[in-house]
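Enquirer: Output the structure for:
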Amino acid sequence: MEVDRLRALLEQVAQGALSVEAALNALRDLPYQNLDFARVDHHRALRKGFPEVVFCQHKTPKQVAAIVQSLAARGRVLATRATDAHYQAVQAQLPNAVYHPLARAITVGEPPPPPETPYGVVLAAGTADIPVAEEAVLTAWMMGARVETLYDVGVAGIHRLLEHLPLLHGARGVVVVAGMEGALPSVVGGLVACPVIAVPTSVGYGAHFGGLAPLLTMLNSCAPGVMVVNIDNGFGAGYCLGLMLNAAH
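Expert: I've put the predicted structure just below:
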C-alpha cells in the first residue's frame, strides 16, 4: 500500500539511509503519475484507505494495462468492468493478475486475511443478479473485509431468506442486489439493525425500464436504514460495505 511505501521512505531519510534528493526523486510520482491519457492517483490510499480502482469500460486494453501496471508497483489493484481482452493485456505485463469473469474484474495481489468480525453479507435476489453481487463481494474483499453471500433469496420465495436470519442479524452491513420490482431491500431493511445498501439491477422485463423501476422502489423504501446506489453499481455498494466494516475494526 502507498501508506507503507511513504512511511518506509520517510524512515530511510530519518535514519540517513536515503538522501533528501533521492527521496524527492522517489516522491515525484507519488501524488499522481501522468500517463498522458490518464493521471494515476497514487495518493488515493492516503486519503481513502484504499488505492484508486480502475474502471475499464470504454478504455482500451493497452490503456488498462498501463494504468494497472502503474498501480501494481505500489500495492494491490482492483480493475472493474473488465473484459477478457483487458485481462490478456494486463496479464502480459503482470503474470500474477487474476481475472474474475463473473464479477467482470481483474485483481493483482490479495488483501491480508480478514478478521472473523465484523462481517458483511451480500444478497442477490435472483441468479441473474449474481454478477453485480459478485462485483460487490470482490470489492469489499479486496478492501480486507469479510463478506458472506446469500444468492437467489428473493421475495418470490421469501422462506429461502428467512432461514438465514441469524447470519443477517450478526452482520454490520448488508448489500442487497435486486432487479425486477426491487422489493428485497425493504424486506431486509425491516429485519436487520445494520445499514442496508440497495443495488438495483438492469434485470427485468420491459416495464422494468432497464433498472429504473427497482431504483425508484428502493429510493421509496419504507424501511429505515436503506441507502441506494446506482443501477448495476456493485462496485459502489461493495466499497461502502468495505468502508463500514473497516471502520468497525
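
Enquirer: what's the helix or strand for the most centrally placed residue in the chain?
Expert: In the chain, the C-alpha nearest the mean C-alpha coordinate belongs to Thr139, at 2.4 Å (C-alpha atoms, centre = their mean). Assigned by DSSP states H and E, Thr139 belongs to helix 130-142.

Enquirer: now for that helix, which elements pack on it?
Expert: strand 77-80, strand 105-108, strand 119-124, strand 146-151, strand 173-178, strand 196-200, helix 234-247 (3 or more C-beta pairs under 8 Å, 6 or more residues apart in numbering; DSSP states H and E). From N, CA and C alone the C-beta is placed, and that goes for glycine too.

Enquirer: contact partners of the first one?
Expert: Strand 77-80 is contacted from outside by 51, 53-56, 64, 67-68, 71, 86, 90, 103-109, 135, 138-139, 142, 235, using C-beta atoms under 8 Å, 6 or more residues apart in numbering.

Enquirer: which residues sit in contact with the nearest residue to Ala89 once chain neighbours are set aside?
Expert: Distances taken as C-beta to C-beta, 6 or more residues apart in numbering place Pro61 nearest to Ala89, at 3.5 Å, with adjacent residues excluded. Going by C-beta under 8 Å, 6+ apart, Pro61 touches 83, 85-86, 88-90.

Enquirer: Make sure the residue nearest to the centre of the chain is actually in contact with Leu245.
Expert: No: judged on C-beta atoms under 8 Å, Thr139 makes no contact with Leu245 at a distance of 11.6 Å.

Enquirer: Let me see the contact set for Val188.
Expert: 123, 161, 168, 174, 176, 196, 223.

Enquirer: Among those residues, which one lies nearest to Gln15?
Expert: Val174 (46.6 Å; C-beta to C-beta).

Enquirer: What residue spans form the domains of the chain?
Expert: According to automatic domain parsing, the chain comprises the domains 2-108, 119-247.

Enquirer: Least confident of the ones you listed, on average?
Expert: Least confidently modelled of the domains of the chain is domain 2-108, at a mean of 87 by mean pLDDT.

Enquirer: and that domain, how far out from the chain's middle?
Expert: From the chain centre to the centre of domain 2-108 is a distance of 16 Å (C-alpha atoms, centre = their mean, to the nearest Å).

Enquirer: let's number from 304 now, not from 1
Expert: Will do, 304 is the new start, and the previous item becomes domain 305-411.

Enquirer: returning to what we had before: deepest in the core, which of the domains of the chain is it.
Expert: domain 422-550 (a mean of 21; mean count of other C-beta atoms under 10 Å).

Enquirer: what's the span of stretch 340-359 from first residue to last?
Expert: Start-to-end span of stretch 340-359 (C-alpha to C-alpha, to the nearest Å) is 13 Å.

Enquirer: What lies in contact with it?
Expert: With C-beta under 8 Å, 6+ apart as the criterion, stretch 340-359 contacts 304-306, 309, 332-336, 366-367, 369-371, 373-374, 377-386, 389, 409, 442, 445-446, 538, 542, 545-546, 549.

Enquirer: Using PDB, list the CA coordinates for whichever strand or helix holds Asn328.
Expert: Applying DSSP H and E as the criterion places Asn328 in helix 323-330. Taking C-alpha atoms only, helix 323-330 is exported to PDB below (Å, rounded to 0.1, in the frame of the first residue of the first chain):
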ATOM      1  CA  VAL A 323      16.800  14.100   0.600                       C
ATOM      2  CA  GLU A 324      17.500  14.300  -3.200                       C
ATOM      3  CA  ALA A 325      16.800  10.600  -3.600                       C
ATOM      4  CA  ALA A 326      13.600  10.900  -1.600                       C
ATOM      5  CA  LEU A 327      12.400  13.800  -3.700                       C
ATOM      6  CA  ASN A 328      13.100  11.800  -6.800                       C
ATOM      7  CA  ALA A 329      11.000   8.900  -5.400                       C
ATOM      8  CA  LEU A 330       8.200  11.300  -4.300                       C
END
